[in-house]
Each structure stands twice: as C-alpha cells, then as structure tokens.
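Make a model of this:
(one chain, ligands or ions: 1)
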Amino acid sequence: MTNSKPTAPTAPANPRTTTTASLKRLLPFARPALPALGASAVAAIVATVCGLTFPLVIQWIIDGPIARRQLGGLWWPAVLLVILGVAEATLFWARRMLATRPTMRVEASMRAALYERLQQLPVSFHDRWPAGQLLSRAVSDLSTIRRFLAFGLVFLVVNLATFVIGVGILITLSWPLGLIVAALAIPLVLLSFQYESRYQILARRSQDQVGDLATVVEESVLGVRILKAFGRSSHLRRSFLRQAGDLRDTELSKSKVISVLWAVIIALPEIALGIALVLGVRQVAAGTLSAGTLVAFFGTAMGLRWPIDSIGWLLAIANDTAAASDRYFEVMDAPVTVTSPDHPIPAPNPSGRLRLKDVRFHFADAAAVDGHPADTLRGIDLDLHPGETVALVGATGSGKTTLSALINRLYDVTGGSIELDGVDIRDLDLDVLRSRVSVAFEEPTLFSASVRENVLMGKPDGSDDEVRAALAVSRADFVDELPWGLDTRIGEQGMSLSGGQRQRLALARAVVAHPSVLVMDDPLSALDIHTEAEVEAGLRSVLAGTTTLVIAHRASTVMLADRVALLQHGRIAAVGTHSELMSTVPAYRDLLASRDDAARAAEVNA
Ligand SMILES: Nc1ncnc2c1ncn2[C@@H]1O[C@H](COP(=O)(O)OP(=O)(O)OP(=O)(O)O)[C@@H](O)[C@H]1O
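Model prediction:
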C-alpha cells in the first residue's frame, strides 16, 4: 500500500488550557491513589512540624537551663530532640513508601488505558500519528505524571502547609518580624504567575520534541538496512542531531526561565531575613525580645527555606505534568470513528456473499477538488458470490489496498455500502465482522512471539492441529526446521525470517479460522513462481468454501480466481474471467503483460 504519513499533530489541541485545568483531568485516574497520597502528605506535614519544633526546643534550652545555668535541666530537651529527629526521619520514610506504590499503579492504569485506546482508534488515526509521538506519551509523559503525583503534588500541599504553620510560629514568636516573612508570599505569587505562562509553552514544546526524536530513532532503527545500503546514515544522523539540538535549546530555555525565578525566590527570603535580623537584634538589645526567641525565630525561618526554594521546582514539575496530561488526553480524546453499532443486527448464518454497492471513499487528508476531498474510490459496484474467488487487478496507486481495507472496516466507506450476507457491515458487531472477514496483508507483520502465537492471532482458541493445517495450506513447512518448531520465537525480538517465510506465516494466520470471507492483498508477492504455485495449490482447498477477494499483480495469482475485476480511475472498469478480459480489455492485457515481464526479470536476476 502506498502510505503517506503527514506531519504529526504536535501542536496542542488547545494551547492555552490552564495548568490547573490540565492537572484536574488526571483526577479520575489518580482517585484510587488519593487516600494514600493524603496519608503521605499527612506524614510529611507531621515530619515538617517535628522539624519546625527543633528551634522551639533550642529556645527552651537557651532561655531555660542555659540562662539559669542549670545543666541538669538539659536532659529532657536533649531527649526530646532525639525523639523529634527519629520521628522526622521515620515519617519522611513513610511519606515515600505511602506514595510510591499507589502512584505506580496510577501510571500503570493510565498506560493500560492508553494502550487500549490505541487499539480502538481507527487506522486513519494511526495514519496521521507518528509512532514516536505515541511512544513518548506512553513512556516519558506518564513517568512525568507519576513523579508529579508521588512527589510534586505531595510537596505542593506539604510545603504550603509548612509555610503557613511556620509563618504562624514566627508571628507567635514575634509578630512584627513574622509579618516581614509573611509579606514574602505576595511577590512570590505574582512572580510565579508570570513565570508559569512562559514555562508552560516551553514544557509543551520540549515534550513534542522528545516525541519527534523518538520517531527519528524508530525510523532509523527500522530502516537501518536501507540507510546503510544507500550510505545515508550520516544524512539521518544530521537530522537526528539537529532535532536533538532543538530539544537541547528548548531545555536550555526552560532552565533560563527557571533559573531567573529561582534566583529571585532565593534572594527574597534572604532580604526578608536580613531585615528581620537587624530589627530582631535591636529588639534583643532593647530587651523587648529574648535571645532564645530570636534564635528560635531564625531556626524556624531557616526551616522555611526549602518550602520557599522549592516553589520554582514545583511549578516546573506542575507545568511539565500539565503538558504531559494535555498530550495524553489528545490521544485519549481522539474520536473512535469505527465502532460497533449500539444495536448490532444479529449476523445471519455465514454464506460469504459480499456486495459492494456504489462504494466511495476518500482519505481524511485527501487533497480537495472543487472544495471536496478527492475520492480514491468513486463508486465501486462488485458482487462476490458465496465461495467465489475474485481477483482485483489495477494499476499501482489505483486503490486496490484501500478497497481491501474497507471490507473489515479498517476504514469506513464515505459513500455507498458494503454488505456481508445481506447486512450492511456497519450494522454488524465489529468483532463478529472481523471474525468472519480475514485479511492477509502484502506487508506481513509478525509479532515478537512464537510461531504458534502468531498464527493463532487469527483464531485465539485454535488447537495445534489447526495451526499445522493452516501452515500446510500456506506451505510453511519450513517451521518444522526451526529450532523449536511452533515454539520458535520470531518477530523483532526473535528469529529473523525471509520475506517469503513471513508472508506464508501471515497467510496461515489469515486462513486458520476458516473465515467466510478472505481478503488477500497480494499475499504471495515475495514468493518465487514455484513456491507460489505450491501455495496456490494449498490455497485452492481453502478457497473452495471461502469467498475471496485477492489483489493480484501477477497472472499466476489471477489464475487462482474464478473472475477478475479491473479497477481503473476509482471504478470497476470490467469484470470477467481472465481469458475474457485478456481477449476483450486491452488495458487489462497491457497491465498483466508488463507485470509478468517485470516478475520474470526479477526471477532471472535472482
Ligand atoms: N493513509 C493514506 N492517506 C492518504 N492517502 C492514501 C493513504 N493510503 C493510500 N493513499 C493514497 O490512495 C491511493 C490508492 O492507494 P492504494 O495503496 O490503495 O493503491 P494500490 O492500488 O493498492 O497500489 P499498489 O498496487 O501500488 O499497492 C494512492 O494515491 C495513495 O497515495
């Protein structure tokens, strides 16, 4: 199939959704983890309170036993300090333990939902989305979301609580000095708002660039042979380095924005503490404040440094997560346009009668002609009788693969209808339709699994005998020679097979369930003429009871068929037996002659 993949929809669907709105969308997934996250936040707040109590104990020591020179009075405060230290450490440990497991479960459930959605989404969605963009959403965006839930969200609550409690303590110790520190909040909030809008755009850009980079890596790994053969590795490396450079620049811009914010965030408390120190020392000198209270004030104020300093980091991670959430929901919100009807018509007993009535189809991104997307198929009428084999022949790019993809609803027709056993296929339950219509694609995709598992994708509950029968039909006897027979692992993580071997396994997968309709997109193109003849002999036994539409490029494949349909300019231009068309339709004769010359030349060269 000639397949073009237009540019990725990398721009956010709604670029100015607020961070809170984007984060709120995570709630349904995060809800099961909320009790544990709440407990984790409580543990962290209590730990922080322990930490904030330290300076008060020190105040007690200075103003009590030390001022009165009663060293015996030091014991109790010392024991209290040890207890507070142990409690703080234990609670921080508990905070992490409480948050880790539930947030990992959230990440896993979001990933499972994404995977499920990707399976449901129509092929037209996958035509538009590069794999790297989906991969980066499934891996790095979900990790960002988990880290935010486990740490960012908890610290956001804890640090806010710490700030409020700490400022409360400061005001109790000395209200004028405490108010100076409390006033810090005003510039911090204003600054954070200003910074957020700039950072949000960069966060989104960076995550999209990670997706683009993943796409380049994926393409260069899948196409490594072609790159090497054409000596184009350096070309792709340059493109990779350019994109990696773009990502680096965006990350640097993020750092710049955040470092300015951090510098201000760190400077503001220093200034506030400096002013408080001067005023505090004067109060101690004037005797209106005890030395212990001043030490306690500064001890507590130092305990507020981390909650204030971390604002920059927390805002960054919140914005990264908001962008990750937007990206995740762009996929989750994509419409599933090919679905089972709400009330499917019960499928009649399968006879295998297939009727295409004035079928029209255009791709969503087809170029417009007179304001309408140009039709690839412009009114196909074709009747396949039960058990009949029809070969579909047409020039390259004439729409044969497109037509074959309509029959089990990989795409839906955009006009006309397709009927199976007298029922419009859109009125049938999708699973029922796909169990009755089997497809063998020209490009045989095998999965990283055993031979048995790959074949049984066509019939999950099939037995070994059925697998062997299907392999016999497709003449895939080479399986017996594989090191572990049916258990041999193939696909990307397993043994490499030749193109012809892979096509024969894909054919076995298509015929194992004895479908009532079999659609074959030039399934024997990688076989030599002799093996093709053997496979065709095997197929004839299956095809006798199955209605078959076979896309044919060679006369030898056409020979399998009872009738041949010629596809021209988006319509069926002629239907008849091979010999009828050979004698009456010059376009058909020319097409097959040129194809067979090419096939013979390829055989001779091989
Ligand atoms: N996903 C897609 N999006 C947009 N246009 C597409 C898509 N897939 C195919 N096309 C276009 O539709 C037309 C028909 O393509 P199709 O693959 O069906 O032709 P074909 O007859 O099977 O070709 P071939 O014999 O070379 O395999 C071509 O012009 C092709 O560029």
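
which SSE is the nearest residue to residue 478 once chain neighbours are set aside in?
With sequence-adjacent residues excluded and distances taken as CB to CB, 6 or more residues apart in numbering, residue 478 is closest to residue 501, at 5.7 Å. Using the backbone N, CA and C atoms, a C-beta is placed for each residue, glycine as well. If you go by DSSP states H and E, residue 501 is part of helix 499-511.

likewise residue 532?
If you go by DSSP H and E, residue 532 is part of helix 529-543.

Tell me, how many residues neighbour the residue nearest to residue 478?
20 (other CB atoms under 10 Å).

Tell me if I'm right that residue 472 and residue 538 touch.
Yes - the criterion here is CB atoms under 8 Å, and residue 472 meets it with residue 538 at 6.6 Å.

Now do the strands in this structure.
Ranges of strands within the chain are 354-361, 368-369, 372-373, 377-384, 389-394, 415-420, 423-424, 437-440, 517-521, 547-551, 563-568, 571-576, based on DSSP state E.

what's the helix holding residue 501 packed up against?
Judged by 3 or more CB pairs under 8 Å, 6 or more residues apart in numbering; DSSP states H and E, helix 499-511 is in contact with strand 437-440, helix 451-456, helix 464-473, strand 517-521, helix 529-543.

Distance of the residue in the stretch 51-200 of the chain that the ligand sits nearest to relative to residue 57?
Closest residue of the stretch 51-200 of the chain to the ligand, CB to the nearest ligand atom: residue 127 (4.0 Å). Distance, residue 127 to residue 57, by CB to CB, to the nearest Å: 67 Å.

repeat for residue 78
For residue 78 relative to residue 57 (CB to CB), the value is 9 Å.

Tell me what the nearest residue to residue 510 once chain neighbours are set aside is bridged to.
Distance criterion CB to CB, 6+ apart; nearest residue to residue 510, sequence neighbours excluded, is residue 440 at 3.8 Å. Counting by DSSP bridges, residue 440 forms beta bridges with residue 520.

check contacts around residue 440.
503, 506, 507, 509, 510, 511, 518, 519, 520, 521, 523 (CB atoms under 8 Å, 6 or more residues apart in numbering).

Distance of the fourth one relative to the ligand?
Taking CB to the nearest ligand atom, to the nearest Å as the criterion, residue 509 is separated from the ligand by 20 Å.

Mind pulling up the pLDDT for that residue?
Here, the pLDDT recorded for residue 509 equals 91.

which residues sit in contact with it?
By CB under 8 Å, 6+ apart, the contact set of residue 509 is 440, 454, 455, 456, 457, 458, 470.

one more time with 10 Å
Residue 509 sits next to 438-440, 444-446, 454-459, 467, 470-471, 474 when contact means CB atoms under 10 Å, 6 or more residues apart in numbering.

Which residue, other than its chain neighbours, is closest to it?
Spatial nearest neighbour of residue 509, chain neighbours left out: residue 458 (4.2 Å); criterion: CB to CB, 6+ apart.

Show me the shaky parts of the protein.
The model of the chain has pLDDT under 70 over residues 1-17, 492-495, 594-606.

domain ranges for it?
Domain segmentation of the chain under automatic domain parsing yields 23-332, 354-605.

Spell out which parts of the stretch 401-550 of the chain neighbour the ligand.
Contacts of the stretch 401-550 of the chain with the ligand, taken as CB under 6 Å from any ligand atom, map to 401, 402.

let's see 8 Å
Applying CB under 8 Å from any ligand atom, one finds that the stretch 401-550 of the chain approaches the ligand through 401, 402, 403, 404, 405, 442, 521, 522.

quick one: which of those is most hemmed in?
residue 403 (29 neighbours).
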